[in-house]
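[1] no sequence for this one, just the structure:
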């Protein structure tokens with residue numbers, strides 16, 4: 001799950017901390033900023049080196065419509081250590097360099113790495129009630145974005161289509177990241193159609209359609 005509205009409270013962690021962790025992982029992999037992150041190699045090999053007894057598996061279904069799920073402290077059927085479960089198409093699509101499942105897998109790796117031995121109170125505040133830096137879903141998303149799209153990859157990002165192909169990310173993720181770096185680090189605006197693909201723009205269009213046509217979107 002990667003919807004920050006469903007996040008739960010975890011110990012605070014800011015962008016610089018998450019960026020530092022991601023940069024250390026990329027440097028260990030000897031990757032240049034403009035090179036794509038090897039998501040499946042990280043899942044299948046590196047995670048086990050970082051987390052003892054880590055495991056992952058492909059499953060035919062998951063509850064709540066999830067496509068992937070992490071169990072940082074183990075699952076009922078696997079109590080030895082952290083576990084990640086993926087639906088078959090998530091793995092297959094990541095293997096075919098599709099951006100969304102690549103981010104999904106790293107998001108779940110983020111949960112396994114960041115949220116071990118964290119006392120999660122499911123009846124406590126969630127989502128919009130939380131400060132961003134203490135939201136479990138935001139932390140996992142940010143970790144994945146830092147691994148996939150390092151800051152230096154925006155020094156000269158070039159054309160949007162070339163960037164998403166080179167980095168193995170979706171247009172939406174790339175545009176969201178560009179906007180974040182424009183705000184936080186004053187990075188120059190790339191010549192991309194940010195208003196077309198960024199999440200906030202999609203939400204604005206959806207909200208406008210709801211106002212015009214009612215909840216069903218039907219005239």
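    Cool, the structure landed. This is a predicted model, so every value here is computed, not measured. Numbers count the residues shown, from 1 in each chain.
[2] quick one: the strands in this protein?
    Remark: strands assigned in the chain by DSSP state E are 55-58, 68-71, 83-86.
[3] show me what the last one is in contact with.
    Counting contacts by C-beta atoms under 8 Å, 6 or more residues apart in numbering, the residues outside strand 83-86 that touch it are 43, 54-59, 62, 67-71, 74-75, 105, 108-109, 112. Yep, even glycine has a C-beta here, placed from its N, CA and C like the rest.
[4] for stretch 154-170, measure first residue to last.
    Start-to-end span of stretch 154-170 (C-alpha to C-alpha, to the nearest Å) is 15 Å.
[5] oh, I was asking about stretch 151-165
    17 Å.
[6] residues of it that come out buried?
    If you call a residue buried by 16 or more other C-beta atoms under 10 Å, then stretch 151-165 has these buried ones: 151, 153, 154, 157, 160, 163, 164.
[7] identify those among those residues that sit within helices.
    Using DSSP state H, 160, 163, 164 are the members of the buried residues of stretch 151-165 that sit in helices.
[8] just checking, residue 48 touches residue 54?
    Yes - with contacts counted by C-beta atoms under 8 Å, residue 48 reaches residue 54, the gap being 5.0 Å.
[9] more crowded one of those two?
    Higher neighbour count among residue 48 and residue 54: residue 54, with 20 against 15, using other C-beta atoms under 10 Å.
[10] how near is the more buried one to residue 141?
    20 Å (C-beta to C-beta, to the nearest Å).
[11] repeat that for residue 177.
    Taking C-beta to C-beta, one finds residue 177 at 11 Å from residue 141.
[12] again, but for residue 73
    Distance of residue 73 to residue 141, computed by C-beta to C-beta: 20 Å.
[13] one more: residue 109?
    Distance from residue 109 to residue 141, by C-beta to C-beta: 12 Å.
[14] circling back to that earlier point, just the buried residues of the contacts of strand 83-86.
    Neighbour-count burial (16+ other C-beta under 10 Å) applied to the contacts of strand 83-86 gives 43, 54-56, 67-71, 75, 105, 108-109, 112.
[15] farthest pair within those residues?
    For the buried ones among the contacts of strand 83-86, the farthest-apart pair by C-beta to C-beta is 54 and 67; their separation is 19.6 Å.
[16] rewinding a little: and residue 73 and residue 141? which has more neighbours close in?
    residue 141 (22 against 15).
[17] using TSV, lay out the strands of the chain together with distance to residue 117 and mean pLDDT.
    TSV is the format used below for the strands of the chain (distance: least, C-beta to C-beta, whole Å; pLDDT from 0 to 100):
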stretch	distance to residue 117	mean pLDDT
strand 55-58	17	98
strand 68-71	13	96
strand 83-86	15	98
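[18] export the ones you listed as CSV, with columns for distance to residue 24.
    Converted to CSV, the strands of the chain look like this (distance: least, C-beta to C-beta, whole Å):
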stretch, distance to residue 24
strand 55-58, 22
strand 68-71, 20
strand 83-86, 21
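[19] what's the pLDDT at the residue nearest the centre of the chain?
    Using C-alpha atoms, centre = their mean, the residue of the chain that lies closest to the mean C-alpha position is residue 141, 3.3 Å off. What the model reports for residue 141 is a pLDDT of 95.
[20] equivalent analysis for residue 29, please.
    On the pLDDT scale, residue 29 gets 89.
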